[in-house]
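Asks: Build me a structure from this.
(one chain, ligands or ions: 2)
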Amino acid sequence: MSSNTVPPAAGDLPAPPATLADLGWRSFFADQLEVAERDTALIGRVNAVHRSRLHVIGVGLDVMIPHYATLDGDATEVATTGDWLLLDPDTQLAQRLLRRASLIKRIAPGHGSKLQLIAANIDTLFIVTSCNQDFNVARLERYLTLAHEAEITPVIVLTKSDLAADRAAFRQGAADLLPGLEVVILDARVPQDVAQLVPWCGRGQTVAFVGSSGVGKSTLINTLTGSDRIATQGLREDDAKGRHTTSVRQLHRLPSGGYLMDTPGMRELQLTEVQQGIEDVFSDISDLSRTCRFHDCQHESEPGCAVRAAIAAGEIDEERFQRWKKLVAEDAANTKSLTDRHIKNRSFGRMVKAPKGGKGPKKDRY
Ligand SMILES: Nc1nc2c(ncn2[C@@H]2O[C@H](COP(=O)(O)OP(=O)(O)OP(=O)(O)O)[C@@H](O)[C@H]2O)c(=O)[nH]1
Ligand SMILES: [Zn+2]
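Replies: Ligands and ions are numbered 1, 2, ... in the order given. Got it, this is the predicted structure:
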């Protein structure tokens, strides 16, 4: 399939939205429009990112347009699935990317440490795990950190409730992760159970599922949509060898009116620049660590370490502290590799921008 044709399974395209609000438009986005834009701009949402084109939909709008990026090469100013764009009404070219309500990004696998945007403007992230050996507090904390960083409301979905001897213990184990955290426990194959997710999937709402392989995401999606079309749709991505596969990412209309975002990247999320998310999910430890005597305290054996004191006093769980340390270290390593790459890109940018006819790149002039 050539990369700029619409996705193969036409039946999987969302039903055309009757209004922008159906598609998730709300005052947060409308307030960003200039007066002139209110009258003239064509408003669209990115439904799918293809190798060389964006599939943008709106009210009476269904177009493939060139990618959108700003000239300064800012990696976050690239339109991704779920983004809202203002298009030129005549040329249909994207003119402006609206500020996002949420953004999930990651380090691209197999591409060094390039920042890759996964999805924008998701309202609810369903973090799926099952009531068996997949249930893993550290993994759930990772996803929670990611949701907080992306500014998305997380909901923990515990599948395979039918296999759990003690459902209450699983529910409690998840609920204890964060105050006020919503937890749903269900058999992903049973429509009445899965209906518990509907309150988050209403008109104008965008949701996504994350979780390890085999926890029941496809089963959940099938039950939620009453069809197996979405979950079984092949999602391919550029592989490490740069083969020309087509990257399909899509917003799928749900029977309850909302949209499900299903992108290949959601399936292998890593943490990238998630300091804020870590602060939110581990606020007790983060706050305490700021009261250690040394600002660069490693919380090992330093004198005046408030974190160790809290662990000794039984106020903080040692294992939770170890998980926090691991996340902080992982985040620091990922962020560093991104920064290194950014510096490399910038010096490359300076070289290519060097004036023609000169004696070669004059890095120090720019
Ligand atoms: N008993 C039981 N089995 C379930 C439940 N949910 C899913 N399964 C089964 O678990 C297996 C894996 O489910 P999938 O829906 O394919 O899991 P997934 O998360 O989509 O996995 P990937 O596609 O690898 O990401 C299937 O055999 C499902 O039938 C559940 O709530 N109860
Ligand atoms: Zn300390």
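Asks: which SS state does the residue nearest in space to the middle of the chain fall under?
Replies: Nearest to the geometric centre of the chain sits Ile104, at 2.6 Å (CA atoms, centre = their mean). Secondary structure state of Ile104, per DSSP: H, G, I helix; E, B strand; the rest coil, is strand.
Asks: State the distance from it to Ala208.
Replies: 8 Å (CB to CB, to the nearest Å). C-beta coordinates here come from the backbone N, C-alpha and C atoms, glycine included.
Asks: which ones are touching Tyr68?
Replies: Contacts for Tyr68 (CB atoms under 8 Å, 6 or more residues apart in numbering) come out as 54, 78-79, 85, 94, 97.
Asks: just to revisit the earlier point, is the residue nearest to the centre of the chain in a bridge, and if so with what?
Replies: Ala119 (DSSP bridges).
Asks: In this model Gln116 seems to touch it, though I could be wrong.
Replies: No - assessed by CB atoms under 8 Å, Ile104 is found out of contact with Gln116, at 9.8 Å.
Asks: in what helix or strand does Lys325 lie?
Replies: In this structure, Lys325 is located in helix 318-353 according to DSSP states H and E.
Asks: I'd like the mean pLDDT over that helix, please.
Replies: Confidence for helix 318-353, expressed as mean pLDDT, is 66.
Asks: Stretch 55-67 now?
Replies: 92.
Asks: Can you mark which positions in it are buried?
Replies: 55-59, 61, 64-65 (16 or more other CB atoms under 10 Å).
Asks: tell me the SS of the residue in the stretch 51-200 of the chain that ligand 1 sits nearest to?
Replies: With CB to the nearest ligand atom, the shortest gap between the stretch 51-200 of the chain and ligand 1 falls at Ala188, namely 3.4 Å. Using three-state DSSP, the structure places Ala188 in coil.
Asks: phi, psi of it?
Replies: phi -60, psi -10 (degrees, to the nearest 10).
Asks: Adding secondary structure, write the contacts of Tyr68 out as TSV.
Replies: Converted to TSV, the contacts of Tyr68 look like this (three-state DSSP):
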residue	secondary structure
Leu54	strand
Val78	strand
Ala79	coil
Leu85	strand
Ala94	strand
Leu97	strand
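Asks: Relative to Ala30, which of those is nearest.
Replies: Nearest to Ala30 out of the contacts of Tyr68 is Leu85 (CB to CB; 14.1 Å).
Asks: which stretches of the stretch 1-150 of the chain form strands?
Replies: 42-49, 53-58, 61-66, 84-87, 94-97, 103-107, 115-120, 124-130 (DSSP state E, counting those that start in this stretch).
Asks: So which bits of the fifth one are buried?
Replies: Neighbour counts using 16+ other CB under 10 Å place 94, 96-97 of strand 94-97 among the buried residues.
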